[in-house]
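Asks: curious how this folds, go ahead:
(one chain, ligands or ions: 1)
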Amino acid sequence: MAAGWAPPRLEDFILTEKLGSGSYATVYKAYRKRNAREVVAIKCVSKKSLNKAAVENLLTEIEILKTVHHPHILELKDFQWDQDYIFLITEYCAGGDLSRFIRTRRILPERIVQVFLQQLASALKFLHEKNISHLDLKPQNILLSRLDRPHLKLADFGFAQHMSSEDAPQALRGSPLYMAPEMVCSKHYDARVDLWSVGVILYEALFGKAPFASKSFSELEEKILSHKTIELPTRPRLSPECRDLLQQLLQRDPDKRISFIEFFAHLFVDLEHMPSAETLEKATRLVVEAVEKDSAGEHSAALTLYCKALEYFIPALHYESDAKRKEAMRSKVCQYISRAEELKVLVSSSNKTLLMQGISGRELLKEMAQDKPRLFSALEVASAAVAKDEEGCACDALDLYQQSLGELLLMLSAESPGRRRELLHAEIQTLMGRAEFLKEQMKTSQWKSESLGQEVLSESVRNSCSLQ
Ligand SMILES: Nc1ncnc2c1ncn2[C@@H]1O[C@H](COP(=O)(O)OP(=O)(O)OP(=O)(O)O)[C@@H](O)[C@H]1O
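Replies: Residues are numbered from 1 along each chain as shown. Below you'll find the model as predicted:
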C-alpha cells in the first residue's frame, strides 16, 4: 500500500513504529493522546489503494470484528476515517505474529504448540457457532499478545465469511501455502478449508516449514495438485494424538478430513481442559464432591473424583498469573495428589481381595460351564485378564477384560435363573469394577506424565503415582 514512510496522522493518537504491512494496509503501534498508557495497533488503509474487492474485504473485517468478542480474537476498539485513510484501531499484540515466533525458534515444542492450538481452536469454535469462516488462516494472521506467556489472537478477517457448509463461494482467497487443495483445484469449497489451514499451521510450528513449502511456484502448484498423502517427518518425535490430529487435518479430500465437531473434541485439542477462567471453578466443584465421598468412606468414587479434579487443576495452575495464588493452588494440588495416592492403595488392596474371591467363583463357574463352551472360553479370557492385571500389564489386561465382559454380558442375558446365573452376575460385577479401576489408573498416569509431571510433581511422587 502507499502509506509512505511517515505514519499517517490521526487526531486522538500518536502513531509510532510500523508493525507490519499486508496486501492493502500498513499497521502501526500507537498511543492514545489522552491516555499514553493505552497502547493500540492501528491498521491504516489508504483509500487510494482501495479497489472494489479491497473495500469489500475491509467492510467484512469491520463488520465481523465489531460483532465478535472473544479472548482469542483480536479486539477491534474503534474505527475512523479521514480524507485519505480508513483506520482500524485494535488491541496491540506485543508478541508479533506467529510466523515470526516460529521462524526465530525454528520449531516449537509439542507442548507449546498444543497450548496455542487450544487457543486457536477455542476461537474457531466460537466463530463456527456463528457460522463464520476465516478463510485465510496462516501464521501471519495469528498474533501473540506478548512474548512471555503469550496469548494467541486471531486477526485479519478481511476474507472471512458468514458461511454454512452448503455454501460454495467461487472466489479464490487466501495464501496458497495454507490454502486447502479443493480451494485451489475445484474452487468449490466450504468452511472445512479452515481445518486444512489449521493442519498446515500445526505442521509448520512442529516441523519448521509448511508441508507444501517450495522453491518455485510451479513446485508449489505440483505439490498442491498431487494426490499424494501428506507424509509427516519422523523427527521430532510427536505424541500419537498429535500425529493423528495432523493426519486427520491434512486430508486432501474434505469429506475424509476431520469435521469441526471431531476437531474440537480431539484428544490433542482437548478444549474441555483448556486453561480458562472457568477451569478452577470446575476443579473446585469436583474436589468438593471428592472430599464428600472420601469422608463417606466411598474410596473408589472419591479417587475417581480427585483424578477428574486434578485434570482441571493442572490447566488452572497454568492459567493463574498471580504468583501468590499460584503457589497456594500448587500446595493444595500436592495435598490432593497425596490423598489420591493413599486412596489408590486402599482401592487397589480391596480390589485385590475381590479379585481373589472372584477366582474361586470363576473356577466354580467354569465347572458349571462344561456344557457351554462359549461361556467357558469367555471365563478363560477373564482368567487371562486377571493374570495380566496381576503382572501389571494394564493395557493387555484392560483389553482382555473388555473382551470377556462383552461375551459374558451376552451369556448373562440368555442365562435362565439359578445358581449359575447368580455366579455369572457376581463375576461380571467383579470384572467390571476391575476394568473401570484400570481405566481410571491409565488416565491418571497419562495426565501425570503430560502435565503435572512438569508442573508440580517431584520424580518420587510421580513414581509412586504410576500404575500399580
Ligand atoms: N494488532 C496488532 N498488533 C501487532 N502487530 C500487528 C497487529 N495487527 C497487525 N500486525 C502486524 O502487521 C502485519 C500485517 O497486518 P494485517 O495482516 O492485518 O494486514 P493485511 O493487509 O490485512 O494483510 P493481508 O495481506 O494478510 O491481507 C501482521 O502480519 C502483523 O505482523
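
Asks: pick out the residue of the chain closest to the ligand.
Replies: For the chain and the ligand, the shortest gap (Cβ to the nearest ligand atom) falls at residue 22, measuring 1.8 Å. Quick note: C-beta positions are derived from backbone N, CA and C, even for glycine.

Asks: isn't that residue right up against residue 159?
Replies: No. In this structure residue 22 lies outside contact range of residue 159 using Cβ atoms under 8 Å: 11.2 Å.

Asks: these two: which has the busier surroundings?
Replies: residue 159 (20 against 14; other Cβ atoms under 10 Å).

Asks: which bits of this protein sit near the ligand?
Replies: 19-25, 27, 41, 43, 74, 90, 92-93, 96-97, 140-141, 143, 155-156, 158 (Cβ under 6 Å from any ligand atom).

Asks: returning to that earlier point: any idea how far the residue of the chain closest to the ligand lies from residue 210?
Replies: 18 Å (Cβ to Cβ, to the nearest Å).

Asks: and the longest helix for the chain?
Replies: What stands out as the longest helix in the chain, according to DSSP state H, is helix 323-368.

Asks: what about that one, average pLDDT?
Replies: In this model, helix 323-368 has an average pLDDT of 79.

Asks: next one: stretch 90-109
Replies: 94.

Asks: end-to-end on that stretch?
Replies: 30 Å (Cα to Cα, to the nearest Å).

Asks: residues in contact with it?
Replies: 19-20, 29, 39-43, 65, 74-77, 116, 138-147, 150, 152-153, 155, 201, 204-208, 236 (Cβ atoms under 8 Å, 6 or more residues apart in numbering).

Asks: go again using 6 Å as the cut-off
Replies: 39-41, 74-76, 139-140, 142-147, 150, 153, 205, 208 (Cβ atoms under 6 Å, 6 or more residues apart in numbering).

Asks: what's the answer for stretch 17-34, then?
Replies: With Cβ under 6 Å, 6+ apart, stretch 17-34 has contacts from 1, 3, 7, 12-16, 38, 40-45, 49, 54.

Asks: ranges for the helices of the stretch 101-250 of the chain?
Replies: 110-129, 181-185, 193-207, 217-225, 240-249 (DSSP state H, counting those that start in this stretch).

Asks: name the helices or strands packed onto the first one?
Replies: The elements that helix 110-129 packs onto, with contact taken as 3 or more Cβ pairs under 6 Å, 6 or more residues apart in numbering; DSSP states H and E, are strand 152-154.

Asks: and the strand it packs on, what does it pack against?
Replies: Counting by 3+ Cβ pairs under 6 Å, 6+ apart, strand 152-154 packs on helix 110-129.

Asks: so how far is the helix it packs on off the chain centroid?
Replies: From the chain centre to the centre of helix 110-129 is a distance of 6 Å (Cα atoms, centre = their mean, to the nearest Å).

Asks: buried sites along that helix?
Replies: The neighbour-count check on helix 110-129 (16 or more other Cβ atoms under 10 Å) flags 110, 113-128 as buried.

Asks: what's the answer for stretch 66-85, then?
Replies: Result for stretch 66-85 [16+ other Cβ under 10 Å]: buried residues 68, 72, 73, 74, 76, 77, 79, 85.

Asks: quick check: bridge partners of the third one?
Replies: Read that as residue 73. residue 154 (DSSP bridges).

Asks: so it sits against residue 123, correct?
Replies: Yes. Using Cβ atoms under 6 Å, residue 73 is in contact with residue 123, at 5.1 Å.

Asks: what touches both of these two?
Replies: What both residue 73 and residue 123 touch, as defined by Cβ under 6 Å, 6+ apart, is the set residue 154.

Asks: part of a strand, is residue 268?
Replies: No. Remark: residue 268 does not belong to a strand; assigned using DSSP: H, G, I helix; E, B strand; the rest coil, it is coil.

Asks: mind starting the numbering at 15 from now?
Replies: Let's use 15 as the start, then, which means that last one is residue 282.

Asks: what is the burial count for it?
Replies: Neighbours around residue 282, by other Cβ under 10 Å: 22.

Asks: again with residue 196
Replies: 19.

Asks: same check, this time on the one 4 residues further on
Replies: Using other Cβ under 10 Å, residue 200 has 10 neighbouring residues.

Asks: just the strands in the chain please.
Replies: With DSSP state E as the criterion, the chain has strands at 27-35, 40-46, 49-60, 90-95, 99-105, 146-147, 156-158, 166-168, 175-176.

Asks: and the closest residue in space to residue 97 that isn't next to it in sequence, what's its pLDDT?
Replies: The shortest distance from residue 97 to any residue other than its chain neighbours is 7.7 Å, reached at residue 61 (Cβ to Cβ, 6 or more residues apart in numbering). Note for residue 61: predicted pLDDT of 82.

Asks: could you do residue 473 as well?
Replies: 34.

Asks: show me the shaky parts of the protein.
Replies: 15-19, 176-188, 201, 365-374, 457-482 (pLDDT under 70).

Asks: domains of it?
Replies: Using the TED database, the domain parsing of the chain gives 27-105, 110-279, 286-372, 375-462.

Asks: out of the helices of the stretch 115-264 of the chain, which gets nearest to residue 297?
Replies: Residue 297 sits nearest to helix 124-143 of all the helices of the stretch 115-264 of the chain, at 16.7 Å, using Cβ to Cβ.

Asks: now do the same contact list for residue 73.
Replies: Contacts of residue 73 (Cβ under 6 Å, 6+ apart): none.

Asks: and the residue nearest to residue 97, how many neighbours does it have?
Replies: For residue 61, using other Cβ under 10 Å, the count is 13.

Asks: now residue 444
Replies: With other Cβ under 10 Å as criterion, residue 444 counts 20.

Asks: ditto for residue 150
Replies: The burial count for residue 150: 21, using other Cβ under 10 Å.

Asks: these two touch, right, it and residue 173?
Replies: Yes. Contact status for residue 150 versus residue 173: in contact at 4.1 Å, counting by Cβ under 6 Å.

Asks: residue 225 against residue 242, yeah?
Replies: No. Counting by Cβ under 6 Å, residue 225 sits too far from residue 242 to count as a contact (10.5 Å).

Asks: of the two, who's got more company?
Replies: residue 225 (18 against 7).

Asks: so how far is residue 125 from the more buried one?
Replies: 22 Å.

Asks: centroid-nearest residue for this structure?
Replies: residue 283 (1.4 Å; Cα atoms, centre = their mean).

Asks: what's the nearest residue to that one if we skip its chain neighbours?
Replies: Per Cβ to Cβ, 6+ apart, closest to residue 283 is residue 135, 4.9 Å.

Asks: got the buried residues for stretch 107-122?
Replies: So for stretch 107-122, counting by 16+ other Cβ under 10 Å, buried means 107, 109, 110, 111, 112, 113, 115, 116, 121, 122.

Asks: scratch that, stretch 240-247
Replies: residue 244.

Asks: end-to-end on that stretch?
Replies: One end of stretch 240-247 sits 18 Å from the other (Cα to Cα).

Asks: over to stretch 270-286?
Replies: First-to-last distance for stretch 270-286 - Cα to Cα - comes to 25 Å.

Asks: okay then, goodbye and thanks.
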